[in-house]
Each structure stands twice: as C-alpha cells, then as structure tokens.
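1. below are the sequence and a predicted model; questions follow.
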Amino acid sequence: MSDASIGTIRTNVPARLDRLPWSRWHWMIIIGLGTVWILDGLEVTIVGNLSGAIAKPGSGLEISQGQITGLAAALYVAGACTGALFFGWLTDRLGRKKLFLITLAVYLAATALTALAFDSWWFFLFRFLTGLGIGGEYAAINSAIDELIPARHRGRIDIIINGTFWAGAALGALLTVPLLNGLPVNVGWRVAFGLGVLLGLVILLVRRHVPESPRWLFIHGRSEEAERLVEGVEQEVHRETGKRLDEVEQSITIRQRHSVGFVTIAHTLFARYPRRAILGFALFIGQAFLYNAITFGYAQVLETFFKVPSGNTGYYFAVIAVGNLLGPVLLGKLFDTVGRRIMIAGTYLLSGVLLLGTALLFNAGVLTGTTMTACWCVVLFFASCGASAAYLTVSEIFPMETRAMAIAFFYAIGTAAGGIAGPLIFSKLVSTGRVGDTVLAFVLGGLVMIAGGLVAAFLGVRAERRSLEDIARPLSAQDDGDVPRQRGSGPADLPTGAAPA
C-alpha cells in the first residue's frame, strides 16, 4: 500500500488518554487483552509437560519425546514468527481490534484440531498453526495495550501483563498432573488441549467489548470516531470517580493516511532508529533462546537426570511458573520509577549470571530435582521481567504507524534466531543423557541473556512516564504540530476535540 494522505487534523487525543486516572475501563482492557498470555503459557507448558505421555505407546500418536520438545516446539515458534509478521502487517493496516479477534479465532481452531490429532504430521501441522495465531496476538495486543494505557502506568502494566504468561504456565502444569494420572494415556493429553480451547472462548467473549485504539483511528482518517470513543471514556471515568478531569494543552498535528508502505517501515526501523533496532534484536534473541528452550524442555531434564515420573513434572514446573509470575508483579513498578534502562539491563545480566551459577551446581552433581527447580525459580524471577520488557521496549520506541509491524518484526527475527534454535539445541543436548551436554545448554542460555543485558545498558531508551508520541514522533506528525516535551503526568487546558488544521 502507498503512503497516500487523507487529510490533516490537529488532535489532543493522546494527551487525554495519558491523563486518565485508573478506572474500570482500564481493567476491561487488561482482562480482555492481557489474558492472551495466559493462553500462551498454558499452551507451551501443556506440551512440555505432556511430552513424555504423548510419546508413550497407546497415546494415539507415533512420536518421540525429542520430536515433541524439539521439532514440534520449533514448528510452534516458526508459526508464531510467521503469524507475527503477517498479522502484524494487517494490524497496522486494518486496526488493532479486528486482528486481536481474528488471531484468537485462529488459535482456538488450531488448538482444537491439535486435540484431535491422529498422526504425528497432523500434530506438527496444527502446532505450527497454533503458533500462527499466538504470534499474531503479540503484535495486535501489545500495540493496543500500550496505546490505551496511560504513560505513567504503561511500563508496570505491560510488564505484568506479559508476565501473566506464567499464570497460564502454572495452570497448565497443574492441569497435566490429574489428566496424566487419572485418564487413559490416549485421552488425557487431548483433554488438556481442549481445556485451552474453553479458556480461549471465554476470553473471546470478553474481548468483543474492547475498543479500537483511538491513536490508530485518528491517524487512519477516523478522527471523529476516535473523539467519540475518548469522550465516552472520559464520561465513564467522571461517573465512576465523581471528579472533573483536568483539560490538556498538549496536541499534535497529523497528516492522516490509510497505511504505511513497507519501504517506509524498513527505513524507519533501520535508517532512522538503528540503535533501537539493535536493542530490539538483542533483547528478543536473549529471552527467546532461554525461554523457549526451558518451557519446552524442562520436563525432559527432570525425567532424564532426576527420574521424575512424567505425571509429576507439572508440580515442579508450577513452582518455576510462580517464580516467573512474581518477578513482574513485584518488580514491575520499578520500570516506571527506577527506569527502563537500569531495570532491563539489570534483570538480563542478573538472570544470566545466576543461570551460569546453576550450571556450575548441576555440573558438580549437588542438585536434586527440587533444588534444581529452586535455582531456576530464582533465575527466572529476574529473567521474566527482562523478557516482558523486550515486548514493552519494541512496542514503545518506534513510531505509531509502525508499532505493530515493529513488534512483529523483532519478535519474528529474534524468536527465529533464539526461539527455534533454543528448543532444538536444548533438546538435542539433554537427549544425550550426559551432564556436560546439559551444562552447555544452560551456559548458552546464560550467555545470551548477559549479551542482551550489555546491549540494554548501552543502548536502552529512557521511556518511563513519557507519552508514546514523545518517545518516537509519529511519521504522520507535521512540523507545526510538534509534540511538546511532557512536563510530568499532569495535564493543563485545551478545549477537547480534534479540529481541522
């Protein structure tokens, strides 16, 4: 598509969204959109913990555990990368709301068909398609959340929402225990996938009420709709709080357009913001390598080296999941106060160093299944904050018109490099049954996280408590409507509404 202009408007919608006090409306956004990470956590954890059971004779599939934690996991990630790019492009072109409904529908259909798999090729195919839907969710959801949440809360909320992946992981891990121990081997794993479909249907019902992003609307020639939406939210907040909202003085002049061409997007990411592009790659490669390897392969480690029965690995993984969830919940606020650069670099570096220490203990033979899990719990307490911050970073440091595509691109490239390689390398090294090979897998994970932390320390962007338009000026912004620097979170006077320039 071309960059053809529609018209020019002057609007204060971004400043009005940023000055809103926290309300029930924001909770609706979180519940409707943020719950997708619970689905993703449920999905990958169920597969990892069910891998031993699905590989057993009589499961209905002729497939090995290594194929599930290696090839199937890599196909899931490959699907997610493909879905992120394709649906990310559509998200910037057609809007956030259409795509976060479509991508969830794709996930639901593919997961249901996975539960009906009758042969290994069917299982592999629908693992790819499930990833396709989840990858598309990342671009649409992160774009919408960051454009709807006030600047002063954006870091904490985004970090916590991405961290809820681990609420789904804990749920998935615990679900596998009764399903594996209480149902026939050819039924339990199918029921587990079916439960994911039921949860997705509930989320779909809630998500229908989440609005389109006003920021996307006014750039794409629908300023009146954006104005009505924001006015409605302001009235709702006023009724809820009983307080009159302060008016705002910040405004921006926008040359509206239907879409942005690929040449413009590529130039923006790599010519206009090359340092930010390097930062995005480093963060995504590090977290993708570590997390995709451990979520798909930890059950294999427990079964191979500590002889934990496949039906009980869910308990261990649930502990890891709790540690991962607590990290963003307890540390998330610091990303808005201490700042993005210090917190992102610190969580990456600290988790990498702690993982190297875990590798040394494992190599010395002093760990049990329980103490190994405790070590990973501490490592991932910090790593989960860094991983969540990777999505936050690429969502807020590039211009509005390229946001979804930027998320999709860095997710796809970073995850392809780390997320596909991670499960394949991890599975191959663990499958040998040699301690030294698994130590090498741990060391590789630690080193890529340390590398990401070093890049964040030097290239990190101070985005805390700043409006999205201040962090990265929209491509459609006109010189006479430059965004003023934020003077804190408090607004001042300007008549509401978007007036023609």
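-> Arrived safely. Numbers count the residues shown, from 1 in each chain.

2. so which bits of stretch 83-98 are buried?
-> For stretch 83-98, a neighbour-count test (16 or more other CB atoms under 10 Å) marks 83-97 as buried. Quick note: C-beta positions are derived from backbone N, CA and C, even for glycine.

3. which of those residues fall within strands?
-> Using DSSP state E, no member of the buried residues of stretch 83-98 sits in strands.

4. list just the nearest of those residues to Leu179.
-> Gly83 (27.3 Å; CB to CB).

5. which residues in the stretch 401-501 of the chain form helices?
-> In the stretch 401-501 of the chain, the segments counted as helices under DSSP state H, counting those that start in this stretch are 403-415, 421-431, 435-459, 468-471.

6. among those helices, which is nearest Ser395?
-> When the helices of the stretch 401-501 of the chain are compared by CB to CB, helix 403-415 sits nearest Ser395, at 5.5 Å.

7. hmm, back to that, need the winner for burial among the helices of the stretch 401-501 of the chain.
-> Neighbour counts (mean count of other CB atoms under 10 Å) averaged over each of the helices of the stretch 401-501 of the chain peak at helix 403-415, with a mean of 27.

8. check which helices and strands it sits against.
-> helix 73-94, helix 120-148, helix 274-306, helix 369-396 (3 or more CB pairs under 8 Å, 6 or more residues apart in numbering; DSSP states H and E).

9. and those helices: which comes nearest Glu43?
-> helix 120-148 (6.6 Å).

10. show me what the closest one packs onto, helices and strands only.
-> helix 24-29, helix 36-54, helix 73-94, helix 96-115, helix 151-163, helix 214-219, helix 369-396, helix 403-415.

11. looking at those, which one has the lowest mean pLDDT?
-> Note on these: lowest mean pLDDT is at helix 36-54, with a mean of 74.

12. that older thread, looking at the buried residues of stretch 83-98, which is nearest Phe165?
-> Proximity of these to Phe165 (CB to CB) peaks at Ala84, which lies at 15.5 Å.

13. which ones are touching the closest one?
-> 135-136, 138-139, 407-409, 411-412, 415 (CB atoms under 8 Å, 6 or more residues apart in numbering).

14. switch to 7 Å and redo it
-> Ala84 makes contacts with 135-136, 138-139, 408, 411-412, as judged by CB atoms under 7 Å, 6 or more residues apart in numbering.

15. repeat that for Ile265.
-> 402, 405.

16. okay, it and Trp89: tell me how far apart.
-> Going from Ile265 to Trp89 by CB to CB, to the nearest Å gives 9 Å.

17. over to Trp189?
-> With CB to CB as the criterion, Trp189 and Trp89 are 34 Å apart.

18. related to what we said a few turns ago, out of the buried residues of stretch 83-98, which two sit at the greatest distance?
-> Counting by CB to CB, the most remote pair of these is Leu85 and Lys97, 19.8 Å apart.

19. as a markdown table, the helices and strands packed on helix 120-148 with distance to Leu201 would be great.
-> Shown next, in a markdown table, are those (distance: least, CB to CB, whole Å):
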| stretch | distance to Leu201 |
| --- | --- |
| helix 24-29 | 18 |
| helix 36-54 | 11 |
| helix 73-94 | 20 |
| helix 96-115 | 7 |
| helix 151-163 | 20 |
| helix 214-219 | 26 |
| helix 369-396 | 25 |
| helix 403-415 | 25 |
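
20. and the ones you listed: which comes nearest Val185?
-> Here helix 36-54 is closest among those (CB to CB), at 6.0 Å.

21. past that closest one, which element shows up next along the chain?
-> helix 65-66 (DSSP states H and E).

22. which residues touch that next one?
-> 51-52, 55, 300, 427, 431.

23. closest to Asn181 out of the residues you listed?
-> Closest to Asn181, out of all of these and judged by CB to CB, is Gly52, at 12.4 Å.

24. and that closest one, how close does it get to Ile63?
-> From Gly52 to Ile63 the distance is 11 Å (CB to CB).

25. picking that back up, give me the common contacts of Ile265 and Trp89.
-> Common contacts of Ile265 and Trp89 (CB under 7 Å, 6+ apart): Met405.

26. show the end-to-end separation of stretch 177-195, please.
-> For stretch 177-195, the first-to-last residue distance is 14 Å (CA to CA, to the nearest Å).

27. now that stretch: average pLDDT?
-> Regarding stretch 177-195, the rounded mean pLDDT is 80.

28. ok, and for it, which residues are buried?
-> Using 16+ other CB under 10 Å as the burial criterion, the residues of stretch 177-195 that qualify are 177, 179-180, 188-190, 192-193, 195.

29. and those residues as JSON lines, adding distance to Leu350?
-> Formatted as JSON lines, the buried residues of stretch 177-195 follow (distance: CB to CB, whole Å):
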{"residue": "Val177", "distance to Leu350": "31"}
{"residue": "Leu179", "distance to Leu350": "36"}
{"residue": "Leu180", "distance to Leu350": "35"}
{"residue": "Gly188", "distance to Leu350": "38"}
{"residue": "Trp189", "distance to Leu350": "36"}
{"residue": "Arg190", "distance to Leu350": "40"}
{"residue": "Ala192", "distance to Leu350": "34"}
{"residue": "Phe193", "distance to Leu350": "35"}
{"residue": "Leu195", "distance to Leu350": "35"}
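
30. return the subset of those residues lying in helices.
-> With DSSP state H as the criterion, helices contain 177, 179-180, 188-190, 192-193, 195 from among the buried residues of stretch 177-195.

31. return the member of these nearest to Leu33.
-> Once CB to CB is applied, the member of these that ends up nearest Leu33 is Leu195, at 21.1 Å.

32. the closest one and Pro178 touch, don't they?
-> No - Leu195 is beyond contact range of Pro178, at 11.2 Å (criterion: CB atoms under 7 Å).
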